[in-house]
Structure formats: structure tokens, C-alpha cells
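Here you go, sequence then predicted model.
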Amino acid sequence: MATLFATCTIILLSLSYCNGMTDFIVLPSDESNINIQANITISILPGAGNISNHPAPPNVNGYLSLIGNASPFFRAFGPFGGHPCGKRVRTSITAAAHKCRLATNASPFDMSNGKCNCGFYFHNSTKFGSGGWKPSFSVTSDGKWVIGTLNDTVAKSLNISESLNGFGWLVRNGKNAIKVPDTYIAPRTAIGVTKEGKVAILEVDGCEQSRNCKWTIGKTEYEMAELLIQLGVYHAINLDGGGSSSFVVNGKVVNHPTDLDLWSIKKERAVTTISCIV
């Protein structure tokens, strides 16, 4: 691998590479033992979606999961019951079909036709989707985490087995990757890793005021990155958010999804890919 890419920096136990359009970090997982379950810890973050000095409905919460020994059990699933990129299904349905202990919505998609045309994802070492390579969260066949933008050559050389694409970096090397603070507030979903190689998945509830919501609730990307850092996340990318944001535990939706951008109506959106811990 070192002969294919120029090494930029060495960060603790991780390696960072950049070469042309690729820009990614490889980090060992904390543990990779297929013989024991992933260790899933879930925390509710009360008021994480409330905006200071602005009235909001109660219980606009966040949901954090820290997962040890996740690498053998991390999956990127397309929508259950249809072509991997041709039919949108609620996160909870796909999660239940695959017996996911924990699941969230994942990659962005085309809402007009349900296609995964906003980037590639991998399941069982097979690439799906279209739209080019985007910042992604991946695991290799030997249990390493890969975060960043890849290409076909890199994915093959690293033996990427599961991968979800997102919109961009939120946290990199423990620092906020959003250089200019943004102002758009919405529900958010993010995935990343701690320094130790545990997976961190964070969802913060809210609804998009620019559409139907009368409340200003949720997070900006900058605020989401700051919260991830406070929670000990070292690298993270921004997944699809807004009305797609869902947090599902053992098949049950535990957050307050807002498909209609109305806080008063709890409704899960049909999506394409999901993140899953089996």
C-alpha cells in the first residue's frame, strides 16, 4: 500500500494518505473478535437538539452509541425487499430484516427515484451505487477502519468489505473539520471512531425550519462536530440527515424522526442504505 500512495502523516496508530483525489485514514479497530458480540453502549443526550435562547418542544434529544469490537459486525445494507439501489425502505424495516442490534440511516440518495446515485457503498465486498467516490466510513476484510475518500484501486488494495458514503468530514484528528461555521440547523446523523478504534454513531433529533417546522431545533454541521469531539470521537463523517435521521435499537425506532419536517408528527422516512451492527 505504501508504494501506491504518498504518506502524508502518521497519527498515533493510524495512517493518513493523500494522492490525487484520495484522502483517507486507516485506523485499527479496538478489537476484532468474531467469536464474541460487539459491545454496544447507548446513551441518551437530553436536549442535544435544543437551541439556546430559542423556545423548543421538550425532549429534542441526541442518541449516542459507542461500540467495541464492532469491525466483525459492521454492515452497510441496501434497502430490504428491492434492488440494492432502487427502492426506498424505512431504516427500521431493513434493520429488522437483517436482525441489526443497532442501525441508523446512512448514505444520501435521490428522493425523487430512490436510487443510490449520491456515491458508492459496499456490502460483502461488492460495490453498489453511482455518483462517484465520496467521503466514506469503511471496514476492511481484516478489521481495520478506513475513513475518507477512496477510489477503485484503493478499495481493492485495502480489501474494503463494507462501506457507507456521506457528505464530508466532521471531525478529523480530534479537530473540527468544518472550517467556517455554518448556520443551517437540522437533524443530523454521523459515524466515526474514537482514538482507541471504537465505533461512534451519533444522531441528534430536530426538524428543518426552512421547510415545514416552526421550531429551530437540531444541529449545524459545526455544532455536530463540536459535540462529537466533546464525546471523544477522533474521526467522523456526516451521513444523511434531516428527515432521514433515524436511530433504531433491536428493530425499534427510539428517536423522533421527522420525515415531514414537522416535530408534531413522528414519522420515519424511507431511505436507501443503513448502518448496522449485527
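Sure, I can see it.

Would you mind finding the longest helix in this protein?
In the chain, with assignment by DSSP state H, the single longest helix is helix 221-230.

Tell me which other helices or strands that helix touches.
Applying 3 or more Cβ pairs under 8 Å, 6 or more residues apart in numbering; DSSP states H and E, one finds that helix 221-230 contacts strand 168-172, strand 175-176, strand 188-194, strand 199-204, strand 233-238. Just so you know, the C-beta spots here come from the backbone N, C-alpha and C atoms, and that holds for glycine as well.

Can you list the low-confidence ranges for the protein?
1-20 (pLDDT under 70).

Okay, strands next: where are they in the stretch 51-200 of the chain?
For the stretch 51-200 of the chain, the strands defined by DSSP state E, counting those that start in this stretch occupy 62-68, 74-77, 89-90, 102-105, 119-123, 126-130, 136-140, 144-149, 160-165, 168-172, 175-176, 188-194, 199-204.

In JSON lines: those, plus mean neighbour count and distance to residue 39.
Listed next are the strands of the stretch 51-200 of the chain as JSON lines, based on neighbours: other Cβ atoms under 10 Å; distance: least, Cβ to Cβ, whole Å:
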{"stretch": "strand 62-68", "mean neighbour count": "23", "distance to residue 39": "4"}
{"stretch": "strand 74-77", "mean neighbour count": "23", "distance to residue 39": "13"}
{"stretch": "strand 89-90", "mean neighbour count": "21", "distance to residue 39": "27"}
{"stretch": "strand 102-105", "mean neighbour count": "28", "distance to residue 39": "11"}
{"stretch": "strand 119-123", "mean neighbour count": "22", "distance to residue 39": "23"}
{"stretch": "strand 126-130", "mean neighbour count": "15", "distance to residue 39": "28"}
{"stretch": "strand 136-140", "mean neighbour count": "26", "distance to residue 39": "16"}
{"stretch": "strand 144-149", "mean neighbour count": "23", "distance to residue 39": "16"}
{"stretch": "strand 160-165", "mean neighbour count": "25", "distance to residue 39": "19"}
{"stretch": "strand 168-172", "mean neighbour count": "22", "distance to residue 39": "22"}
{"stretch": "strand 175-176", "mean neighbour count": "14", "distance to residue 39": "27"}
{"stretch": "strand 188-194", "mean neighbour count": "26", "distance to residue 39": "13"}
{"stretch": "strand 199-204", "mean neighbour count": "27", "distance to residue 39": "10"}
